[in-house]
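>>> need the 3D shape of this:
(3 chains)
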Amino acid sequence: MTDTSTQRTGDFKNALLRAGLYAMLILFALYYLMPLFVMLVTSLKSLDEIRTGSLLGLPRDVDFSAWGKAWSGACTGVQCEGLRPYFWNSVLIAVPAVLISTFLGAMNGYVISQWHFKGSNMIFALLLFGCFIPFQVILLPMAIMLGKMKIAGTISGLIFVHVIYGLGFTTLFFRNYYITIPVELVKAAKVDGAGFFRIFWSIFVPLSAPIVVVTVIWQFTQIWNDFLFGVSFSQAGTQPITVALNNIVNSTTGVKEYNVDMAAAIIAALPTLLVYVVAGKYFIRGLTAGSVKG
Amino acid sequence: MLKKTILAATVALTAGAVWAEPQAEVLHWWTSGGEAKSVAVLMEEFAGRGGTWTDMPVAGGGGDAAMTALRARVLSGNAPTAVQLKGPAIQEWYEEGVLANINAVGVEQNWDELLPTAIADHMKCDGEYCAAPVNVHRVNWMWGNAQVLADAGLEMPTTWAEFNAAAEKLQGMGITPLAHGGQAWQDATMFESIAVGLGGAEFFQAAFVDLDEATLTSDTMVAVFDQLRTLRGFVDDDFSGRDWNLATAMVMNGEAAFQIMGDWAKGEFMAAGLEPGKDFLCAPTPGGGYLYNVDSFAMFSVEGDDKIAGQNLLAELIMGENFQEVFNLNKGSIPARLDVALDSFDYCARRSGYDMDVASGNGSLMPSYAHGMALRGAQAGAITDTVTAFFNSDMSSADAVAALATAVKNSM
Amino acid sequence: MEWLQRHMPKMVLAPSFFAVLLFVYGFIAWTAYVSFTRSRLLPKYEIEGVIQYERLFESPRWEVAITNLAIFGILFIGIAMILGLLLAILLDQKIRTEGALRTIYLYPMALSFIVTGTAWKWILNPGLGIEAVVKDMGWESFEFDWLTDPDMAIYTVVIAGVWQSSGFVMALFLAGLRSVDEEIIRAAMVDGVSTARIYRSIIIPSMAPIFMSALIVLSHLAIKSFDLVIALTGGGPGYATDLPATYMYAMAFSRGDLGQAASSATVMMMVVVAIIVPYLYSELRTRRD
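You can find the predicted model right below:
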């Protein structure tokens, strides 16, 4: 412990700097938390209190009834079963679509980064460009195609659409990750007589955990939150949760139950929130592991 | 027992139909509590007659999201059985060759006699029924807070000049004269109510049905925009983007005195336990006229006897006296059928029914353009674009009529 | 077998290639084709010339939409980048609660605007949200009414957009900061170089590729921004916050004016091409070296 006065002013200055740093971080945190906070407190208030109280005020009496109603009692049309049935539709759509698009993205990324052939970069460019088309553009031709393929209005149809339009990003992620794996490794394996799939399974798959996490989080968020495809390519019985949420929240007639709206919104967001909270750490790690070095 | 079955089968066969359990997948955007309850009435009747109802609700944007879904469904060759559809959009879909014909039901049930001619025409494609009407909303209503008006010593104004004077007085007392939600369709609702009040039915017809350019740029139209500009001064500062039911709430709790909105607003008052005539007042917008907005269901071409049976049954039930009465009691509108007694309805609805009769008699029953009854989407949208741009800027009325004519021409 | 082994990479890539060819490029071509027709409710296939483009460029609403895309795009990308970088640098100072803060900054990315739209609408509404709360606290003259001001409303869309995406940018930059070679930094510190200088002249320049990635992700979000506007302003006041994506949607689905929608989509696609193709070109060129 040195004890000179200059050192002490330095410490003081440092402490002040740290305090300022924390203050800034907390200020930003408030900005990010505000909407969630508003949603949460509103969902716990009674309708009367919402009408009379302040937007940011804490609920006087915490009331969970809106949550129960949003989950299993709110009307999304003639049926008043809440979000529950739609929640499972979303799971049935999101899980296979995420798995398939991640797998295809890994294979594509593997080929593009390690098995160059004439035109492979061109194909990558074509795939990547597909990420940027506004989805409204492809709604109608896609509807015609789904009809021709006889999967219009089905869960498989929705999975198919999500896989197709997820390919660009999943391929990008895996390609940028695999490109950091030295070509020499593959060359050596080839010399040892390992084939295309052997190399993939024994060298690339074991290394892929970080990027799989990134891809799965990204895809799951995109697919779970999708509304446009959900509303266009579903029919009664296959509608995803975002469509049901929209039916609850965006009904403009009748008495609006804002607490139910907000509870429904949070329920619909829970799976993705959970993924971010639980896997957020691995997400950053996955990004650090090289996916962003492209 | 067996005899009965055979008998039933024979009857069915001689009636020319193979018996099939009626099926219907119904696409609609009536998702709010009250509306959903109203549709549930139909569903129960449908089930009571042995049918299976599959519900396909899509809310949002006054049916925009539902129309997105509909287009995708039709293009993929997987059209829903029945769709909530209204106004010229029915004929537009018919021209695409995707609607089914329910004329047999219409003729058998004598719809021509039961419906006002103007409304029956909306339900017909090339002279044959292809849709069934559910209700008649009057669009040009004005709602007032009885207490606020009494305190100010005011009555419901019957001319726009009276309205302006009343509004200025209220403003002086610190009350927002007009509750309004700044969404394009609400701006348009106000605009067309002014137009029919200031210009009358003939002017309205020429401007918003025939799209006559001279009328669109006439002095009367300038006056209509002038009045809209005046109304802009009577709304509060936070009106932008506000949902209409929140504007209604402002009238309910005395924050504002008036609202110009169709009779679905009545449902909000009623739901809050308020009584028409006592707690809140209703009157046609100043200058009068009758603008209607008719909700209806169109049937789409589908395959399968069960679905076709479902369509016919649905059409029959929609026009049934019981459904028309129960549904409209819930929704604030009046039955499309003229022969349903309005005794159990409130006085605003009875007034609406009476006015409709009179207007239907003298040919002044006008379709609401703002609610998609008068024009096709592109033209109606072009007019609304101009109106809402005018209302949310300091554009002059002269510029507005010029922009209106250009926009309409550009939308063709 | 030998042949199979040699062509395996192509065969693996083939399904994705053909799928994208049809479902992306085929559909773009379809849309471009429809933009030359007079399709209304449903597509028609008789070519009618460039009428839809004439209508498009005469529409004052389209002009607003394009201007808004420029304003929104530049501000959204710029602010999200700066904020993301700032947050990443702040978080990189060995912050004790880093994990929690990171999650807080990142979570908006998990939510769709169908979920958060209503909350944002309330917060930005002068009568309900921030303005009302601040006024209640005694600051009577406080004003924050951008949402209801046609000239300012587009900036509220920027605020909400930045809220949603800057956390993701922060994550990208944080990942970048963490992958800079520790040795170089330590060496610089030993030499007495200030922290600010280290960031300015060593760390940030080494993250150039990450700026590129962030730029791409953000411009993709900016171009596709749709739910954001629909949920927050519905395009209003008037049509002051319309963007090309909402314009196109309105024409195609609420107006039954498919030809017009297709022409606006085609123009949008050309904007995308103008932005993305140079990037792809440079990206793939450097890669080959």
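
>>> with adjacent residues omitted, what lies nearest to residue 272?
In the absence of a named chain, this looks at chain A. C:A110 (4.0 Å; CB to CB, 6 or more residues apart in numbering or on different chains). All C-beta spots, glycine's among them, are computed from the backbone N, C-alpha and C.

>>> the intended chain is chain C.
C:V272's closest residue in space is A:F132 (CB to CB, 6+ apart), at 5.0 Å.

>>> and for A:I123?
Nearest one to A:I123, counting by CB to CB, 6+ apart, is C:F17 at 5.2 Å.

>>> helix or strand: which one has that neighbour?
helix C:2-20 (DSSP states H and E).

>>> packing partners for whichever helix or strand comes after that helix?
From helix C:2-20 onward toward the C-terminus, using DSSP H and E, the following helix or strand is helix C:27-34. Where contact means 3 or more CB pairs under 8 Å, 6 or more residues apart in numbering or on different chains; DSSP states H and E, helix C:27-34 is packed against helix A:139-148, helix C:258-288.

>>> buried sites along helix C:27-34?
C:27-28, C:30-32, C:34 (16 or more other CB atoms under 10 Å in any protein chain shown).

>>> same deal with stretch B:150-163?
Residues B:152, B:154, B:156-158, B:160, B:163 are the ones in stretch B:150-163 that count as buried (16+ other CB under 10 Å).

>>> compute the first-to-last residue distance for that stretch.
Taking CA to CA, to the nearest Å, the first and last residues of stretch B:150-163 lie 15 Å apart.

>>> how far is it from where the chain is centred?
From the chain centre to the centre of stretch B:150-163 is a distance of 26 Å (CA atoms, centre = their mean, to the nearest Å).

>>> again with stretch C:98-117
16 Å.

>>> now do stretch C:74-85
11 Å.

>>> who touches it?
C:155, C:158, C:161-162, C:165-170, C:172-173, C:204, C:211, C:214-215, C:218-219, C:221-222, C:225 (CB atoms under 8 Å, 6 or more residues apart in numbering or on different chains).

>>> buried subset of those residues?
C:158, C:161-162, C:165-170, C:172-173, C:204, C:211, C:214-215, C:218-219, C:221-222, C:225.

>>> so which of these would count as near chain B as well?
With CB under 8 Å from any CB of the partner chain as the criterion, the buried ones among the contacts of stretch C:74-85 include none near chain B.

>>> if we can go back for a sec, and the two most separated of the buried residues of stretch B:150-163?
B:A152 and B:W160 (18.0 Å; CB to CB).

>>> ok, the residue nearest the centre of chain B to B:G332 distance?
Taking CA atoms, centre = their mean, the centroid of chain B lies closest to B:N293, which sits 2.7 Å from it. Distance, B:N293 to B:G332, using CB to CB, to the nearest Å: 12 Å.

>>> overlap in contacts, the two.
By CB under 8 Å, 6+ apart, the residues touching both B:N293 and B:G332 are B:H137.

>>> which residues does the closest residue to chain C within the stretch 301-412 of chain B contact?
Nearest to chain C, among the residues of the stretch 301-412 of chain B, is B:N392, at 3.5 Å (CB to the nearest CB). Under the criterion of CB under 8 Å, 6+ apart, the neighbours of B:N392 are B:182, B:187, B:240, C:150, C:236-238, C:240.

>>> out of those, which sit inside helices?
Secondary structure from DSSP state H places B:D187 of these in helices.

>>> for the closest residue to B:H28 other than its chain neighbours, what are its contacts?
Leaving aside its chain neighbours, B:H28 sits nearest to B:Q84 (4.0 Å; criterion: CB to CB, 6+ apart). Residues near B:Q84 by CB under 8 Å, 6+ apart: B:26-30, B:63, B:66, B:295-297.

>>> strands - which of those land there?
Using DSSP state E, B:26-28, B:296-297 are the members of the contacts of B:Q84 that sit in strands.

>>> nearest to C:V193 among these?
Closest to C:V193, out of all of the ones in strands among the contacts of B:Q84 and judged by CB to CB, is B:L27, at 66.6 Å.

>>> in the sheet, who's paired with the closest one?
B:M56, B:V83 (DSSP bridges).

>>> who are the contact partners of it?
B:L27 makes contacts with B:56-58, B:66, B:69-70, B:73, B:80, B:82-84, as judged by CB under 8 Å, 6+ apart.

>>> what packs against the helix-or-strand element of chain A with minimal mean pLDDT?
Every helix and strand of chain A was ranked by mean pLDDT, DSSP states H and E. The lowest is helix A:47-52, at a mean of 78. Secondary-structure packing of helix A:47-52 (3+ CB pairs under 8 Å, 6+ apart): helix A:258-286.

>>> could you pull up the mean pLDDT of stretch B:24-44?
Averaged over stretch B:24-44, pLDDT sits at 82.

>>> which of the residues in stretch B:277-295 are buried?
Here stretch B:277-295 shows B:280-295 as buried, counting by 16+ other CB under 10 Å.

>>> run the chain-centre distance for that stretch.
Taking mean C-alpha positions (CA atoms, centre = their mean), stretch B:277-295 and its chain are 13 Å apart.

>>> what's the closest non-adjacent residue to the spatially most central residue of chain A?
Geometric centre of chain A, nearest residue: A:T221, 1.4 Å, by CA atoms, centre = their mean. Of all residues not flanking A:T221 in the chain, A:T272 sits nearest, at 5.2 Å (CB to CB, 6+ apart).

>>> what's the closest non-adjacent residue to A:Y178?
A:S113 (4.0 Å).

>>> over to A:D261?
A:V249 (4.8 Å).

>>> pretty sure that neighbour is touching A:A264, no?
Yes. At 6.7 Å, A:V249 and A:A264 qualify as touching, with contact defined as CB atoms under 8 Å.

>>> gap between the residue nearest to B:H28 and chain A?
B:Q84 sits 11 Å away from chain A, going by CB to the nearest CB, to the nearest Å.

>>> show me which residues of chain A sit near chain B.
A:75-80, A:139-140, A:142-144, A:146-147, A:152-153, A:228, A:231-237, A:239, A:243, A:246-248, A:250-257.

>>> only the buried subset of these, as a ChimeraX command please.
The ChimeraX selection below is limited to those of these classed as buried (16+ other CB under 10 Å):
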select /A:75,76,77,78,79,139,140,142,143,144,146,147,152,153,228,231,232,233,234,235,236,239,243,246,247,248,250,251,252,253,254,256,257
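
>>> out of the residues of chain A next to chain B, list just those in strands.
Among the residues of chain A next to chain B, no member falls in strands (DSSP E).

>>> narrow the residues of chain A next to chain B to those in helices?
Reading helices off the residues of chain A next to chain B with DSSP H, I get A:139-140, A:142-144, A:146-147, A:228, A:231-232, A:243, A:246-248.
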